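> Below are the sequence and a predicted model for it; my questions follow.
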Amino acid sequence: MAKNGAPSMQCPRSPDDVDLFGPGAPERWYAAYDVLHQQAPVMCLRGEGLTPDKDAFILSKHEDISRVVKDWERFPPTLSLLVKQIQTTGALAQEMPGLDAMIISICSLRPTQELWRAHRQELTDPWVGPGAGRHEDMITGHVDHLIDRWIDEGDLDFVRQFARSLPQRTMASVLGFPMEDIPQLETWGNAQVMAYVHGCGHNNKLTEEQTREKSELLDGFGHYVRQKTKEKRADPKDDMISFLTQVHYEALDRKLTDDEINGVVYAMLIGGLETTQYALAEQAQLICERPGLFQKLKQDRSLIRIFIEEGMRLRSPTQGLSTRITSQDEIFQGVEVPAGSSLHLRWAAANIDPDEFEDAKELKLDRKAVTRHLAFSAGLRVCPGAGLSRLEQTIAWNRLLDRLDDIAYGEDNDFLHQPGIMLGTLKLNLTFTKA
Ligand code: HEM
């Protein structure tokens with residue numbers, strides 16, 4: 001991503017130069033996607049499959065990734081191998097080493113496609129999916145609270161003082177955690193996403209030492225959630241954990257155990273914090289880079305919806321994930337991909353695929369079918385928190401447009417990103433005029 005002040009990095013010109021995962025890779029991602037689209041839309045990572053005799057393939061075309069995410073039978077989640085192992089050996093997920101609470105709860109609450117759907121519809125949709133609208137007042141309150149803290153200053157680090165805090169406060173409220181626990185929740189959240197930031201290669205592998213560090217950092221998280229669950233089971237309030245303690249899960253015809261609730265909460269935190277932060281921070285940059293855009297949005301608020309979708313399309317927070325395998329031999333763009341290969345789905349590349357999007361790299365406020373992008377994936381495994389994130393982004397920009405007259409880049413921005421597979425701008429100094 002070439003931006004004012006960004007250090008010059010060697011741009012990839014051929015597939016041999018493309019490295020999406022090494023040090024400094026985030027600064028070259030978007031140059032790499034052009035190379036992949038033109039010269040290697042299906043790129044083999046030799047011997048990087050689940051075992052050394054298997055390969056992994058990076059898919060970068062919208063049509064290929066859409067096909068994969070919509071066909072669970074041919075492209076099952078990598079996790080389904082673990083579920084199968086558990087079902088055939090009778091092993092207990094909670095006794096297997098290295099599995100986090102979310103994965104353990106997936107094994108019991110949603111091991112099949114049908115249960116995956118039921119889990120979303122019955123357990124998460126009412127809180128973070130289509131039912132997220134219930135949080136409108138709460139989110140508006142958090143947005144205003146954050147703006148109040150710097151509105152008289154004239155400048156801010158938008159990442160630290162707004163984009164990071166908003167999803168933290170929102171998720172704490174949704175789950176029913178007190179605001180004063182946010183610093184602790186941040187530490188646990190950082191530990192949960194450690195693989196996506198510091199992990200190695202396309203499948204974000206942590207070293208043994210990093211894995212140890214992660215579990216030490218997460219020490220206490222399970223205890224904290226179980227304690228809160230116990231309190232809310234005894235005295236339910238209007239929050240998601242209270243709901244999970246009371247709900248009768250129709251698909252399994254029973255209530256959830258404390259361990260299962262712990263797993264759902266883990267999933268909400270790992271998914272719901274940084275992703276929305278990155279979306280907001282990239283949208284602020286898109287505004288700063290386009291004179292007149294702030295005023296245009298301020299005058300016509302109906303454009304906000306298109307703006308946030310275009311923002312997530314052009315600068316996708318989750319750039320890619322290796323979460324599917326091939327159950328049979330496949331051909332993508334003429335390239336043979338054998339059964340048992342890992343697929344790295346590069347959402348961010350698919351979202352600027354010129355064969356799918358006209359003027360793919362332009363932010364177009366008159367784009368049709370604006371949610372066609374794959375920033376949240378699609379199909380049965382589509383991000384369950386998309387509704388909540390969209391609401392946070394919409395309210396954030398509405399209130400920022402109400403309370404400010406403009407924003408611009410401040411000083412000392414280097415536009416560098418964290419390592420890993422998320423598009424995480426480290427800091428973003430902005431100046432602004434109070435409305
Ligand atoms: C801009 C914000 C977000 C982006 C770009 C995003 C993106 C994604 C993507 C690409 C996936 C992978 C789906 C697949 O493998 O097909 C995913 C899964 C997931 N997301 Fe999000 N997400 C965002 C916000 C959220 C929020 C706010 C939550 C929670 C409230 C959340 C919770 C999850 C969970 C739990 C999963 C794992 C799948 C599942 O358990 O059903 N995400 N997300």
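Looks like it arrived, so ask away.
> Would you mind listing what in the stretch 51-200 of the chain touches the ligand?
With CB under 6 Å from any ligand atom as the criterion, the stretch 51-200 of the chain meets the ligand at residues 69, 128. In this view, the C-beta of every residue, glycine as well, is placed from N, C-alpha and C.
> how about low-confidence regions in the stretch 51-200 of the chain?
Within the stretch 51-200 of the chain, the set of residues satisfying pLDDT under 70 is empty.
> try it again with 80
Low-confidence segments of the stretch 51-200 of the chain (pLDDT under 80): 87, 90-92, 94-95, 97-98.
> Residue of it nearest the ligand, please.
Proximity of the stretch 51-200 of the chain to the ligand (CB to the nearest ligand atom) peaks at residue 128, 3.8 Å away.
> Just give the closest residue to the residue of the stretch 151-300 of the chain found nearest the ligand, not the sequence neighbours.
Using CB to the nearest ligand atom, the closest approach of the stretch 151-300 of the chain to the ligand is made by residue 271 at 2.2 Å. Sequence neighbours aside, residue 385 is the residue nearest to residue 271 in space, at 5.2 Å (criterion: CB to CB, 6 or more residues apart in numbering).
> Could you tell me how many residues sit around that neighbour?
23 (other CB atoms under 10 Å).
> right, and it touches residue 129 too?
Yes - applying CB atoms under 8 Å, one finds residue 385 in contact with residue 129, separated by 7.3 Å.
> What residues of stretch 186-203 count as buried?
Neighbour counts over stretch 186-203 (16 or more other CB atoms under 10 Å) mark 188-189, 191-196, 198-199, 202-203 as buried.
> Can you tell me which residues in the stretch 201-350 of the chain are near the ligand?
So far as CB under 6 Å from any ligand atom goes, the stretch 201-350 of the chain lies against the ligand at 267-268, 271-272, 275-276, 279, 312, 317-318, 321, 323, 347.
> which residues sit in contact with the most centrally placed residue in the chain?
Per CA atoms, centre = their mean, the C-alpha nearest to the average position across the chain is that of residue 275, at 4.1 Å. By CB atoms under 8 Å, 6 or more residues apart in numbering, the residues touching residue 275 are 167, 317-318, 385, 389, 422.
> Kindly report the same for residue 267.
Counting by CB under 8 Å, 6+ apart, residue 267 has contacts 102, 105, 384.
> Could I get the contacting residues of the residue nearest to residue 158 when sequence neighbours are not counted?
The shortest distance from residue 158 to any non-neighbouring residue, by CB to CB, 6+ apart, is to residue 428 (4.4 Å). By CB under 8 Å, 6+ apart, the residues touching residue 428 are 157-159, 163, 281, 284-285, 413.
> from those residues, which single one is nearest residue 299?
residue 284 (18.5 Å; CB to CB).
> For the closest one, identify the helix or strand it belongs to.
helix 274-288 (DSSP states H and E).
> just so I have it, where are all the strands in the stretch 1-150 of the chain?
42-45, 56-59 (DSSP state E, counting those that start in this stretch).
> do you know which of those lies nearest residue 135?
strand 56-59 (34.3 Å).
> Partner strands of that closest one and their direction?
Strand pairing for strand 56-59, determined by DSSP bridges: strand 42-45 (antiparallel), strand 342-345 (parallel).
> in the stretch 301-435 of the chain, what residue is nearest the ligand?
residue 385 (2.1 Å).
> Could you pick out the longest helix of this structure?
helix 386-403 (DSSP state H).
> right, and the helix or strand after that helix?
From helix 386-403 onward toward the C-terminus, using DSSP H and E, the following helix or strand is strand 404-409.
> same for that following strand, what does it pack against?
Contacts defined by 3 or more CB pairs under 8 Å, 6 or more residues apart in numbering; DSSP states H and E place strand 404-409 against helix 274-288, helix 293-299, strand 429-434.
> same thing but at 10 Å, please
strand 155-157, helix 274-288, helix 293-299, strand 429-434 (3 or more CB pairs under 10 Å, 6 or more residues apart in numbering; DSSP states H and E).
> just those: most buried one?
helix 274-288 (a mean of 24; mean count of other CB atoms under 10 Å).
> Residue 420: what's it in contact with?
Listed by CB atoms under 10 Å, 6 or more residues apart in numbering, the contact set of residue 420 reads 21, 25-26, 193-200, 204, 274, 319.
> repeat for residue 282
1, 163, 311-312, 314-317, 423-425, 428.
> returning to that earlier point: buried stuff in the longest helix of the chain?
Using 16+ other CB under 10 Å as the test for burial, helix 386-403 gives 386-401.
> now do stretch 317-333
Buried residues in stretch 317-333 (16+ other CB under 10 Å): 317-326, 330, 332.
> re earlier: take the contacts of residue 267 and write them to TSV, including neighbour count and distance to residue 80.
What follows is these, written out as TSV (neighbours: other CB atoms under 10 Å; distance: CB to CB, whole Å):
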residue	neighbour count	distance to residue 80
102	18	15
105	25	15
384	23	18
